[in-house]
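Undergrad: give me coordinates for this.
(one chain, ligands or ions: 1)
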Amino acid sequence: MKPRLVLACLTTTAVIARAREAFDSIILPGPGDMTVAEVTEAARSHEAEAIVFTNTLPLTAAAIAGLPDSVRAGATISVGYDHIDVEAARSRGIVVTNTPGVLDDCTADHAMMLLLAAARRGLEYDRIMRRGWRYRIGQGDLLGVRVSGKRVGILGMGRIGQAFARRARGFDMTVLYHSRTRLPPEQELGALYFPDFRDMLPACDFLSIHAPGGAATERIIDARALSLLPGGAVLVNVARGSLIDEDALFEALQSKKLFAAGLDVFRSEPDYDLRFAALDNVVLSPHVGSASRETRDAMGFRALDNVAAVLAGGAALDPLWRD
Ligand code: 8YV
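TA: From the prediction side, this is the model:
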């Protein structure tokens, strides 16, 4: 008999096909991801052994307590896991996994796209063209900020931060970084480490955020941090909206203290703060850093592989903790 799985989020056709083949799957029929109540009900009524979900499912302690005893594994199709109460899952004996590694390149590509579009006014140019152009743009008009040769600070030098650093080096940028722990020198590839991220900020023409969400980084980019950036800096966030005080960011963008920002993530999703949409110097995307066909397939497959390994009695490939 195949193991029973609740596939709680909308995913790619290839991932759904693989889930159908390998599991006695419960594929969600609706237009959106399942809520906690729907997952709980589906897991109970089908005595599911595993759930596969993404960061739209807040697996709080209460949500975990509500799951039936049949659930032994949970796999989030994401590298971030700030939506999961890890301690609650652990004490309940549910093995939880994520999908590190497979999305580094696409997320770093997306960050670079936002950086370039924000600095070089990509969306404003596109808008002019769609309105028909047909007027003279002077040599001094609509100028952006040069990217190549500038200094970029990376907050969070994990796998995605390092993939972003490789891209920045391709633009001849000087790479500065802050992480909880310093990389071994052979992995730094010349990047300059700052033990205190505030000391790094005055040297950042660009700041790209790649640190995880959660209590340790909550509103780390606040009014004070923004005031330490040089005037005219560009900020990019493809990590989590929780790292930013959005009132302070809005003010810094509106006052042109920052030249521009590229934002893929927000404190509230999908109902993000619409004030940002009214600003010309912001490039926005709807939390799609990992959204390429290849990467979304790889993330979903990895989640299914994790669940299959655990249900077969083996070790998870990407456990959130090791006993
Ligand atoms: C989302 C992400 O999971 O991996 C993460 O942590 O934030 C993203 O890749 C993805 O958008 C699926 O919802």
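
Undergrad: only C-alpha atoms from now on, for both contacts and neighbour counts.
TA: Will do.

Undergrad: look up how far residue 119 lies from the residue nearest the centre of the chain.
TA: For the chain, residue 239 is the residue whose C-alpha lies nearest the centre (CA atoms, centre = their mean; 3.9 Å). Using CA to CA, to the nearest Å, residue 239 is found at 19 Å from residue 119.

Undergrad: around the ligand, which positions in the stretch 1-150 of the chain sit nearby?
TA: Within reach of the ligand by CA under 6 Å from any ligand atom, the stretch 1-150 of the chain has these residues: 54, 55, 77, 78, 79, 80.

Undergrad: show me the residues you listed that map onto strands.
TA: With strands defined by DSSP state E, no entry of these lies inside them.

Undergrad: distance from the host helix or strand of residue 153 to the middle of the chain?
TA: Using DSSP states H and E, residue 153 sits within strand 151-155. Centroid displacement of strand 151-155 relative to its chain, using CA atoms, centre = their mean, to the nearest Å, is 17 Å.

Undergrad: so for it, what's the average pLDDT?
TA: For strand 151-155, the mean per-residue pLDDT is 98.

Undergrad: do the same with stretch 37-53
TA: Throughout stretch 37-53, pLDDT has a mean value of 96.

Undergrad: stretch 239-259 now?
TA: Confidence over stretch 239-259 (mean pLDDT, whole number) is 98.

Undergrad: the strand holding residue 153: what's the following helix or strand?
TA: Following strand 151-155 toward the C-terminus (DSSP H and E): helix 159-170.

Undergrad: how far away from the center of its chain is that next one?
TA: For helix 159-170, the gap between its own C-alpha mean and the chain's C-alpha mean amounts to 15 Å (CA atoms, centre = their mean).

Undergrad: so what touches that helix?
TA: By CA atoms under 8 Å, 6 or more residues apart in numbering, the surrounding residues in contact with helix 159-170 are 101, 103-105, 107-109, 111-112, 152, 154-155, 174-175, 209-211.

Undergrad: only the buried members of these: can you turn that into a PyMOL selection?
TA: Buried members of the contacts of helix 159-170, defined by 16 or more other CA atoms under 10 Å, are picked up in PyMOL with:
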select buried, resi 103+104+105+107+108+109+111+112+152+154+155+174+175+209+210+211
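
Undergrad: packing partners for the strand holding residue 153?
TA: Judged by 3 or more CA pairs under 8 Å, 6 or more residues apart in numbering; DSSP states H and E, strand 151-155 is in contact with helix 159-170, strand 174-178, strand 206-209.

Undergrad: give me phi/psi at residue 276?
TA: Taking degrees, to the nearest 10, you get phi -70, psi -30 for the backbone angles of residue 276.
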